[in-house]
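K.L.:
Return atomic coordinates for the entry below.
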Amino acid sequence: RTGLGDAVRFWEPRRLIYNVVLAAVVLAWVMITWPHFLPAFNPDSLLLLAVLALIANACYSAAYLVDVPAGRSRLAGAWRRWRWMAWSAGTLLAILLANYWIADEIYPFVR
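P.N.:
This is a model prediction of the structure:
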């Protein structure tokens, strides 16, 4: 169980959780600051949201650049036991980046 197949079996089921967590961050921002974000709901903003979701998923896929070589190394057993920490750290980083992006890049410009 080495290589790409093992990496896919680990990362892909967790991609759904990752996307749900990031969607919850966005929904929390919208709900907490609802009157402020109301004007932002238009077709252009939905396209931007879709592009940002694609970028977030492309970043998630970067895990394969580490996982596949680590899964074939001498430390493959240890990597498989502890790679959930890489997933957790990456998800926390994504939450941080999403909050930053909304707070600094989107929220101030919504009128």
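K.L.:
Can you list the buried residues in the top helix by length along the chain?
P.N.:
Identified as the longest helix of the chain according to DSSP state H is helix 4-32. Residues D6, A7, F10, W11, R14, Y18, L22, V25, V26, W29 are the ones in helix 4-32 that count as buried (16 or more other C-beta atoms under 10 Å). Quick note: C-beta positions are derived from backbone N, CA and C, even for glycine.
K.L.:
Looking at these, which one is closest to A63?
P.N.:
Among the buried residues of helix 4-32, W11 lies closest to A63 (C-beta to C-beta), at 5.6 Å.
K.L.:
was I right about the closest one contacting A62?
P.N.:
No. In this structure, W11 is not within contact of A62 by C-beta atoms under 8 Å, at 10.4 Å.
K.L.:
any weak-confidence spans in the protein?
P.N.:
By pLDDT under 70, the low-scoring segments of the chain are 1-2, 111.
K.L.:
What segments of it are strands?
P.N.:
With DSSP state E as the criterion, the chain has no strands.
K.L.:
So which other helices or strands are in contact with the longest helix of the chain?
P.N.:
Applying 3 or more C-beta pairs under 8 Å, 6 or more residues apart in numbering; DSSP states H and E, we find helix 4-32 packed against helix 43-61, helix 63-71, helix 76-100.
K.L.:
pull the CA atoms of the shortest one into PDB?
P.N.:
Coordinates of each C-alpha in helix 63-71 appear next as PDB, following Å, rounded to 0.1, in the frame of the first residue of the first chain:
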ATOM      1  CA  ALA A  63      -0.600  17.500  -0.100                       C
ATOM      2  CA  TYR A  64       0.100  14.800  -2.700                       C
ATOM      3  CA  LEU A  65       3.500  16.500  -3.400                       C
ATOM      4  CA  VAL A  66       4.500  15.600   0.100                       C
ATOM      5  CA  ASP A  67       2.500  12.400   0.700                       C
ATOM      6  CA  VAL A  68       3.500  10.300  -2.300                       C
ATOM      7  CA  PRO A  69       7.300  10.700  -1.800                       C
ATOM      8  CA  ALA A  70       6.900  10.300   2.000                       C
ATOM      9  CA  GLY A  71       4.800   7.200   1.500                       C
END
